[in-house]
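Q: Next come a sequence and a model predicted from it.
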Amino acid sequence: MFSQRLSRAVSHSLVRSSSRINAGSRRHASRHTKFTLNNGASIPALGFGTFQDPDHQEEAVVRALKLGFRHVDTAQIYDTELSTGNAIKKAGIPREELFLSTKLWMTSHHPDDVEPSLDASLEKLQTDYLDILMLHFPCAFARGDNVFPEDENGLMAMGDTHYLDTWLALEKVLKTGKVKAIGLSNFTKEQVQNIIDKGEVVPAIHQIELHPWLQQADFIKWHKEQGIHNTAYSPLGNSNPYYQEQVWSRPEAFSLPPPTEDPVLIEVAKKHNKSPHQVAYAWGINNGRSVLSKSVVDWQIVANLEADFELDAEDMEKIATMDKKARFNDPSPLFRFQFFEGLDGFKPRGDHEFPVSDVFGKIGKV
Ligand SMILES: NC(=O)c1ccc[n+]([C@@H]2O[C@H](COP(=O)([O-])OP(=O)(O)OC[C@H]3O[C@@H](n4cnc5c(N)ncnc54)[C@H](OP(=O)(O)O)[C@@H]3O)[C@@H](O)[C@H]2O)c1
């Protein structure tokens, strides 16, 4: 399956080492920050991501929920919706205490496919409603069961649905109550503006790549002016080995050290008796956004929940100097669509397109 192919070869299990838990959870004033979305709903600042390691996500999500995470992010393509649904049941968390998000995959962009696809997600997640359904990317693939459809040349078979038509279909499902909010991921400013101009509903969330190496300060400011909340994915930048393994990754993914090894984050971490990873998350929260931490390692899950703490103006100014406009997650050559045009870290995708099987091997139905 796709997400298994995306998973690192190394498998994880929840490691319960008391010494590591102690190292990761230096007890310091941790907060439980929440933000308010433009639909009036509340969203916890700290979210739990479920991309990768699908075989370990049920256990990880149960652990995260029992520890106190109340915001879980999944996506149809991650193959973790069912394990997330199982975990919510197992943890016994009342549904209304939880903020649950998923993302529509690009084979379901045709307006007729949106509600059936949402229904399938609801069934896997074992819930009557989502707190938000987002468009994962602004392009469409050919309709059907194969999540990576190939054309006659082995390249991605693209669909012809414009994201605006998919958005209007999302607006329709919003009226059914099956989703409390609708949002976007991986759109450009121009594309978001197009939706604001031509749709009736302003997206509640735009989930984007954000970390100290890719700060996108102007784009963030613009979202605030539009009343759109940002959720940061890959808050640890290129720390995730996934971005160093993808053929489409930018050279920076290999040449730059992880931001958590930068002296600035290390210095701020020492000052607050936290780890550089916790500072990376706290920096996002102190900038007014939600941050998705992902881990299937117990002591890291514990430590990540303690990453919501106050950074002072001096810390924030120092971290602002770290920006390298380095974007790592850009599948443009594989998805045959130019993403992120006009945004920080944008680079044209060039002519080279990757055959699907070069990247994922032959993929059957999921
Ligand atoms: N919308 C999108 O297109 C999109 C794209 C990417 C991600 N996302 C969402 O954002 C979430 C997070 O993004 P991400 O997984 O790309 O990147 P990330 O959270 O920046 O990095 C995850 C990596 O950091 C490690 N890690 C986590 N906490 C740590 C800690 N305290 N100390 C040391 N290492 C730690 C994890 O290790 P272990 O795996 O070993 O635990 C994993 O390898 C995803 O799960 C997903 O929900 C969305």
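A: Nice, I can see it.
Q: contacting residues around the residue nearest to Gly199 when sequence neighbours are not counted?
A: Leaving aside its chain neighbours, Gly199 sits nearest to Trp167 (5.3 Å; criterion: CB to CB, 6 or more residues apart in numbering). For every residue, glycine as well, the C-beta is placed using N, CA and C. By CB atoms under 8 Å, 6 or more residues apart in numbering, Trp167 lies in contact with Leu135, Ile182, Ile195, Gly199.
Q: so which helix or strand takes in the third one?
A: Assigned by DSSP states H and E, Ile195 belongs to helix 189-198.
Q: How about the residues of the stretch 251-366 of the chain by the ligand?
A: His277, Leu292, Ser293, Lys294, Ser295, Val296, Val297, Gln300, Ala303, Asn304, Asn329 (CB under 6 Å from any ligand atom).
Q: follow-up on the earlier one: can you name every helix or strand that the helix holding Ile195 contacts?
A: Contacts defined by 3 or more CB pairs under 8 Å, 6 or more residues apart in numbering; DSSP states H and E place helix 189-198 against helix 163-176, strand 182-185, helix 217-226.
Q: tell me, how many neighbours does Pro111 end up with?
A: 15 (other CB atoms under 10 Å).
Q: no wait, Gly227
A: 12.
Q: Same question for Gly350.
A: 9.
Q: Enumerate every residue touching it.
A: Pro333 are the contacts of Gly350 under CB under 8 Å, 6+ apart.
Q: where does it sit relative to Ala307, distance-wise?
A: Distance of Gly350 to Ala307, given as CB to CB, to the nearest Å: 37 Å.
Q: who does the residue in the stretch 1-150 of the chain that the ligand sits nearest to bridge with?
A: Proximity to the ligand, evaluated over the stretch 1-150 of the chain using CB to the nearest ligand atom, is greatest for Gly49 at 2.3 Å. Beta-bridge partners recorded for Gly49 (DSSP bridges): Asp73.
Q: so it makes contact with Val291?
A: No: using CB atoms under 8 Å, Gly49 is not in contact with Val291, being 9.4 Å away.
Q: So the two - more neighbours on which side?
A: Val291 (29 against 26).
Q: Tell me the bridge partners for that one.
A: Here Val291, judged by DSSP bridges, has bridge partners Leu46, Ala232.
Q: Contacts only, for it.
A: Ala45, Leu46, Gly47, Thr231, Ala232, Pro235, Tyr281, Gly284, Ile285, Ala307.
Q: Next one, pLDDT for the first one please.
A: Residue-level confidence at Ala45 comes out at 98, pLDDT.
Q: ok, now the fourth one?
A: Looking at Thr231, its pLDDT stands at 98.
Q: tell me the contacts of it?
A: So Thr231 contacts Gly47, Asp73, Ser101, Ile205, His206, Gln207, Ile208, Arg289, Ser290, Val291, Leu292 (CB under 8 Å, 6+ apart).
Q: Tell me the spacing between the residue nearest to Gly199 and Ile196.
A: 10 Å.
Q: Contacts for the helix holding Ile195 next, please.
A: Taking CB under 8 Å, 6+ apart as the rule, helix 189-198 contacts 138, 163-164, 167, 184, 187, 202-203, 206, 219, 222-223, 226, 228, 341-343.
Q: Buried ones among these?
A: Pro138, Tyr163, Trp167, Leu184, Phe187, Pro203, His206, Phe219, His223, Ile228, Leu343 (16 or more other CB atoms under 10 Å).
Q: Can I get the residues you listed in JSON lines including pLDDT and distance to His32?
A: As requested, the buried ones among the contacts of helix 189-198 are exported to JSON lines (pLDDT from 0 to 100; distance: CB to CB, whole Å):
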{"residue": "Pro138", "pLDDT": "98", "distance to His32": "33"}
{"residue": "Tyr163", "pLDDT": "98", "distance to His32": "34"}
{"residue": "Trp167", "pLDDT": "98", "distance to His32": "32"}
{"residue": "Leu184", "pLDDT": "99", "distance to His32": "26"}
{"residue": "Phe187", "pLDDT": "98", "distance to His32": "29"}
{"residue": "Pro203", "pLDDT": "99", "distance to His32": "25"}
{"residue": "His206", "pLDDT": "99", "distance to His32": "23"}
{"residue": "Phe219", "pLDDT": "98", "distance to His32": "27"}
{"residue": "His223", "pLDDT": "98", "distance to His32": "23"}
{"residue": "Ile228", "pLDDT": "98", "distance to His32": "23"}
{"residue": "Leu343", "pLDDT": "98", "distance to His32": "31"}
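Q: what's the following helix or strand after the helix or strand where Val268 lies?
A: Using DSSP H and E, Val268 sits in helix 263-272. Using DSSP H and E, the helix or strand that follows helix 263-272 in sequence is helix 276-286.
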